[in-house]
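Colleague: my questions are about this predicted structure, shown below with the sequence.
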Amino acid sequence: MEGYAEKKLPGEKLVCIDIIYSDRIEKLRITGDFFMHPEGLVVDLEKALEGVPLSMNDMELRDIITNVVTSRNAEMIGISAKGIITAIRDATSRQVL
Amino acid sequence: MELRTLPYSSNSAYANMAIDHSILESVSEGDSHMTLRLYSWKPSAVSIGRFQSLRKEVNVEQCKVAGIDLVRRMTGGGAVYHDSEGEITYSLIAKEEELPQGVQKCYRYAASMIIDALGSIGVKAEYAPINDIVVDGRKISGNAQTRREGAVLIHGTVIYKADVKKMFSVLNVSKEKLSDKTINSAEDRITDVQTNSHASIGELREALFNSFTRGRVWKEMPLTKEEKERSLELEETVYKNEEWNFNR
């Protein structure tokens, strides 16, 4: 299935999720007007989340995101793990026909 | 000399982004001093942020019809319509240790320069974190930055005369993006210098120049031969390349 959602948490930037999924995340694309330093972080986050079962709870998904950010000594500005997870949940609850 | 200033120039979107990129590399490598550029875009252009989807953010067909260039920046942030007659863009490239430490502090620093410049021409503006400057809640300037090997590029625009009709004929703005704004219409979120001051665009340019150079020893110098060559290479291989511009 395919899904798409946009999420803007208060004080943050717009996060858009394009997703192909089954019981897990098959393919993920994170776009929006946020900032990441270094910029390559976004691809690492997408790769880290691909293959992850959607049955994981938000805490487990947050740990995956936080680990990638920490291991790269990276910084996310205008985007948070919560924003990404909320957008993923929205995108997988509304199927694109 | 502490700060190199480049002569004001108008360039294509591809050249503008390639020049900023090549200076970032040369400053990072220690081949050039801290550099200030003021420039405009000819023809008018839309630049999108590093992480944005071009097709979602921009009406690509309308841009083609109107002769508006499209380019993806190396910096994050949002899509911007750069009117060839209606705005001034700046870029400041420096070693990390020459600017306030940290991404957010650099935004605050650049914002303070722009707010001072606007103040000197009678526009009372304020910083709206993360990266905007507003007048009465309406955006007059947006800014973005990136870092490479110990160097920082901050660039941004100041709107002199907003053509909101054209701006929103080429930019797609989602309802979600406006969800936490007190002003709900994208058109009403924008203001410009002309609405708030009698200053000419030349006076805005001069005010920005004076603000960014104040208290610094500066000298106007052109791009180095190496920077010129590298920017031409980046223009062809990156910024004109559809693989880059449509990569998200």
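Modeller: Noted; the coordinates are in hand.
Colleague: what residues does chain A have near chain B?
Modeller: Taking C-beta under 8 Å from any C-beta of the partner chain as the criterion, the neighbours of chain B within chain A are A:6-8, A:10-11, A:13-14, A:16, A:18, A:29-39, A:42, A:75, A:77-78. Glycine gets a C-beta too; all of them are placed from N, C-alpha and C.
Colleague: OK, contacts around the closest residue to residue B:33 other than its chain neighbours?
Modeller: Taking C-beta to C-beta, 6 or more residues apart in numbering or on different chains as the measure, residue B:33 lies nearest to residue B:4, with 4.6 Å between them; neighbours along the chain are not counted. Applying C-beta atoms under 8 Å, 6 or more residues apart in numbering or on different chains, one finds that residue B:4 lies in contact with B:32-36, B:218-221.
Colleague: what about the residues of chain A next to chain B, which are in helices?
Modeller: When those are checked against helices (DSSP state H), the matches are residue A:42.
Colleague: what element comes up after the longest strand along chain B heading to the C-terminus?
Modeller: Scanning chain B for the strand with the most residues, using DSSP state E, yields strand B:138-148. Next in sequence after strand B:138-148, counting helices and strands by DSSP states H and E, comes strand B:151-159.
Colleague: give me the low-pLDDT residue ranges for chain B?
Modeller: By pLDDT under 70, the low-scoring segments of chain B are B:1, B:178-184.
Colleague: buried among the contacts of residue B:4? Make that a ChimeraX selection.
Modeller: Below is the selection syntax for ChimeraX that covers the buried ones among those, with 16 or more other C-beta atoms under 10 Å in any protein chain shown defining burial:
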select /B:32,33,34,35,36,218
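Colleague: turn the contacts of residue B:4 into a markdown table, columns for secondary structure.
Modeller: Shown next, in a markdown table, are those (DSSP: H, G, I helix; E, B strand; the rest coil):
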| residue | secondary structure |
| --- | --- |
| B:32 | coil |
| B:33 | coil |
| B:34 | strand |
| B:35 | strand |
| B:36 | strand |
| B:218 | strand |
| B:219 | strand |
| B:220 | strand |
| B:221 | coil |
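Colleague: in a markdown table: the contacts of residue B:4, plus distance to residue B:231.
Modeller: A markdown table is the format used below for those (distance: C-beta to C-beta, whole Å):
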| residue | distance to residue B:231 |
| --- | --- |
| B:32 | 12 |
| B:33 | 17 |
| B:34 | 18 |
| B:35 | 13 |
| B:36 | 16 |
| B:218 | 21 |
| B:219 | 20 |
| B:220 | 18 |
| B:221 | 15 |
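Colleague: closest to residue B:193 among the contacts of residue B:4?
Modeller: Closest to residue B:193 out of the contacts of residue B:4 is residue B:36 (19.4 Å), distances taken as C-beta to C-beta.
Colleague: that's a helix at residue B:62, yeah?
Modeller: Yes. Secondary structure assignment places residue B:62 in a helix (three-state DSSP).
Colleague: quick check: it vs chain A, distance?
Modeller: Distance of residue B:62 to chain A, given as C-beta to the nearest C-beta, to the nearest Å: 20 Å.
Colleague: got a list of contacts for the top helix by length along chain A?
Modeller: Once chain A is assigned using DSSP H, the helix that runs over the most residues is helix A:58-71. Contacts of helix A:58-71 from elsewhere in the structure, counted by C-beta under 8 Å, 6+ apart, are A:41, A:44-45, A:48-49, A:52, A:74-76, A:81-82, A:84-85, A:88-89.
Colleague: redo that, cut-off 6 Å
Modeller: Residues from elsewhere that reach helix A:58-71, judged by C-beta atoms under 6 Å, 6 or more residues apart in numbering or on different chains: A:44-45, A:48, A:81, A:85.
Colleague: what's the closest of those residues to chain B?
Modeller: residue A:45 (10.7 Å; C-beta to the nearest C-beta).
Colleague: can you tell me how far the closest one sits from residue A:39?
Modeller: 11 Å (C-beta to C-beta, to the nearest Å).
Colleague: cool, residue B:68 as well?
Modeller: Distance, residue B:68 to residue A:39, by C-beta to C-beta: 25 Å.
Colleague: ok, now residue B:16?
Modeller: Using C-beta to C-beta, we find residue B:16 at a distance of 19 Å from residue A:39.
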